[in-house]
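Novice: What would the 3D arrangement of this be:
(4 chains)
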There are 2 protein chains.
Amino acid sequence: MPGRTAASIQDVADIAGVSIATVSRVLNSPNLVTADTASRVRKAIDQLGYVPNAFAQALITRSSRVIAVALPDIHGEFYSELLRGADAEARRLGYHLLVVSNPPKGPQSDLGLGPVLGLVDGLAVMITEPNETLVKRLSAAGIPMVVLDAAPEGSTLDTIVIDNEAGATEATEHLLSTVPSNRCYFLGGPRDNFDTARRAEAFLRAALGDGRSRSNVNVSYGEYSFESGRERALRMHEAGELDGAGILAGNDEIASGVLHAAREAGLSVPERVSIIGFDDTRLASLVRPMLSTVRVPMADVGSTAIQLLVRRIKDPESAAMHVRLTPTLVLRQSTLR
Amino acid sequence: MPGRTAASIQDVADIAGVSIATVSRVLNSPNLVTADTASRVRKAIDQLGYVPNAFAQALITRSSRVIAVALPDIHGEFYSELLRGADAEARRLGYHLLVVSNPPKGPQSDLGLGPVLGLVDGLAVMITEPNETLVKRLSAAGIPMVVLDAAPEGSTLDTIVIDNEAGATEATEHLLSTVPSNRCYFLGGPRDNFDTARRAEAFLRAALGDGRSRSNVNVSYGEYSFESGRERALRMHEAGELDGAGILAGNDEIASGVLHAAREAGLSVPERVSIIGFDDTRLASLVRPMLSTVRVPMADVGSTAIQLLVRRIKDPESAAMHVRLTPTLVLRQSTLR
DNA sequence: GGGTTGCTCGTAAACGCTTTCATGGTATGC
DNA sequence: GCATACCATGAAAGCGTTTACGAGCAACCC
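Specialist: Residues are numbered from 1 along each chain as shown, chains lettered A, B, ... in the order given. Down below sits the predicted model:
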């Protein structure tokens, strides 16, 4: 067992017979010190297994190389996919990731983020439902920050959004290639959810053209769940609307529910019902028929968030960037070609 | 926009007309200061929006209230479920979570954890495959630490393991209630994986009794994937072994693959083939018939890890605890009662 | 050979906080 | 009314770094 307490820069200096300034220099600006003394210091360093105290460094440097990622309490896969992308990128750039998930609910909440703010060099917040105060409160802290999913109007903050319009439009058009427009439906998630709202809008535009005369009868809202999708599809069936329908779901779980309802109803997919999911989670490849779905590059969202953040950390004055990531339609078995 | 740089304790002290010591005291030992001055200080504090510099605190306190969680690059849901549990518990106890995922592979690797060690008060590592050096290297750092999944023999470290034996045994026994023992199969994940190894062992013991004369023909290894499960089941079908079989899968994805293969083979589940998954991920409830499965309390693993860690942080000398979490068999539609 | 230049390195200040110790003041005991 | 105890507060040390600033010294130029 090594000494009770970690070696400090002073210990290294003593052994190497130099001042602490020199030790610091061989670590941070090696070119300012002779090869000779440098090697002597280095020897002392690994003789002691010395590693600089991160807090002391952070205190004076005002930088901890830690980035916080705050996520709503999103279900599984989404979440971890984003995190994976973020983590890889952070590692690559020499940063660590502090995650804050499952924040207390309510638009008034500041996510309990207060204490975190002092610890990190930057913050990526994912905001999926309207929350005015949160962004304001957070940006008031004056810390580099990027917001995901929400894109406050004319924001001076960096933002990353999924181009839901493009994804939903492409999917809808694919549906329209085999199904008449009045038989197309969008089964969304919660009405407040940013993604659902934008997807619904794009769906309507693509399905109905710009003649917005028709009502929104073909759009419904509910939960992002299997059961919600199944129920809504079943209700459609009762109304005689399921047969021959083309359905764009708010996410893959909803789509799976629809898929199952179709099976229950004895309607084969894709011959009698066309279904397109959203997100391309692993689930989409696990059900049969496999789901055609709109692939959302969550890992890219994560890594891009980190990139934007360190860019801003290094140059806080740079102009706000607004990144739009484009989903791609992946065709599998739940739609006709 | 507030002042360029965050308020310090000195600023608060100035406004309140006291010394910085007093400010510190109202924050840390309120009983040492008069109600009168305390309120004056507090007023100054939120007038300035002062929040103590975490690094300065950590530097002197030698505690950052940050805990690292290092995870192998595990697929989605598992991972996030554990994290959710850990995060909730950490928040409850006043800690933050630093996650390190997707570490570089190879048993020699130290996960690139070096730099993290100096930042955190404790570390939870999940180790799913044999890795001697890693634990040694890490524990040499002398930082409070709990290891998940792996349980080094007679370890002096805190550990948390899933009681795979209990879970696999219960599942196997349930299978045996409707299927003869020589028609029971275990379709595992990678051979090296700790969980798979233990589950296989328990399966064999339960299925074959202690007369270990039989070979392991009924056990196979592969990936933790849908496709791997499907392929193996299909091969069983070709060998005429699928009909009438009782199958315990290494995880839910494998089970889903088997489920699908059974459908392809025209064998109804659970009448002709019984299937039990492992983990109870959301997938288990999304396929039809819904999977009977062994529910592994991953969120509990996460929260328990945090509990053990802060316990050790507060009392580094306390005896090592070895927690064993018991899975429960949840019966759904893929097995007969 | 004196003045300049250019390196290497040490001294010391600063970062923002916690905590020990000392101090002055007020209550308490007779 | 004076010693004693106690309480609230301030002064200052120190946590482990980084980084001006300056000192010393060799090499260089006329």
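Novice: All the helices of the stretch 201-337 of chain A, residue numbers only.
Specialist: A:226-238, A:252-264, A:282-286, A:298-314 (DSSP state H, counting those that start in this stretch).
Novice: The stretch 1-150 of chain A too?
Specialist: A:9-16, A:20-28, A:35-48, A:54-61, A:76-93, A:114-117, A:132-140.
Novice: Deepest-packed of these, please.
Specialist: helix A:76-93 (a mean of 22; mean count of other Cβ atoms under 10 Å in any protein chain shown). From N, CA and C alone the C-beta is placed, and that goes for glycine too.
Novice: elements contacting that helix?
Specialist: Where contact means 3 or more Cβ pairs under 8 Å, 6 or more residues apart in numbering or on different chains; DSSP states H and E, helix A:76-93 is packed against strand A:66-70, strand A:96-100, helix A:298-314, helix B:76-93, strand B:96-100.
Novice: Tell me who's in contact with whichever residue of the stretch 101-250 of chain A sits closest to chain B.
Specialist: Nearest residue of the stretch 101-250 of chain A to chain B, counting by Cβ to the nearest Cβ: residue A:118, 4.1 Å away. Counting by Cβ atoms under 8 Å, 6 or more residues apart in numbering or on different chains, residue A:118 makes contact with B:6, B:51, B:52, B:53, B:54, B:55.
Novice: Same list, these, but only the ones touching chain A.
Specialist: Among the contacts of residue A:118, proximity to chain A is found for B:6, B:51, B:52, B:53, B:54, B:55 (Cβ under 8 Å from any Cβ of the partner chain).
Novice: do you know how far the fourth one is from DNA strand D?
Specialist: When you say that, I think you mean residue B:53. In this view, residue B:53 and DNA strand D are 11 Å apart by Cβ to the nearest atom of the strand, to the nearest Å.
Novice: how about that residue, what does it touch?
Specialist: Contacts for residue B:53 (Cβ under 8 Å, 6+ apart) come out as A:59, A:118, B:6, B:8.
Novice: mind putting those residues in JSON lines, pLDDT and distance to DNA strand D included?
Specialist: Output for those, formatted as JSON lines (pLDDT from 0 to 100; distance: Cβ to the nearest atom of the strand, whole Å):
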{"residue": "A:59", "pLDDT": "94", "distance to DNA strand D": "5"}
{"residue": "A:118", "pLDDT": "84", "distance to DNA strand D": "16"}
{"residue": "B:6", "pLDDT": "82", "distance to DNA strand D": "16"}
{"residue": "B:8", "pLDDT": "93", "distance to DNA strand D": "12"}
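Novice: right, and the pair among those residues with maximum separation?
Specialist: Farthest apart among those by Cβ to Cβ are A:59 and B:6. That separation is 12.7 Å.
Novice: is it fair to say residue A:161 lies in a strand?
Specialist: Yes: per DSSP: H, G, I helix; E, B strand; the rest coil, residue A:161 lies within a strand segment.
Novice: Spatially, and excluding backbone neighbours, which residue is closest to it.
Specialist: By the measure of Cβ to Cβ, 6 or more residues apart in numbering or on different chains, the closest residue to residue A:161 outside its immediate chain neighbours is residue A:151, 5.0 Å from it.
Novice: Can you give me the neighbour number for the one you found?
Specialist: Residues lying near residue A:151 (other Cβ atoms under 10 Å in any protein chain shown) number 18.
Novice: Could you list everything residue A:187 pairs with in the sheet?
Specialist: For residue A:187, the beta-bridge partners are residue A:220, residue A:249 (DSSP bridges).
Novice: surely it meets residue A:249?
Specialist: Yes: here residue A:187 reaches residue A:249: they are 5.0 Å apart, a contact under Cβ atoms under 8 Å.
Novice: Compare the two and say which one has the larger neighbour count.
Specialist: For residue A:187 and residue A:249, the more surrounded residue by other Cβ under 10 Å is residue A:249, and the numbers stand at 33 against 26.
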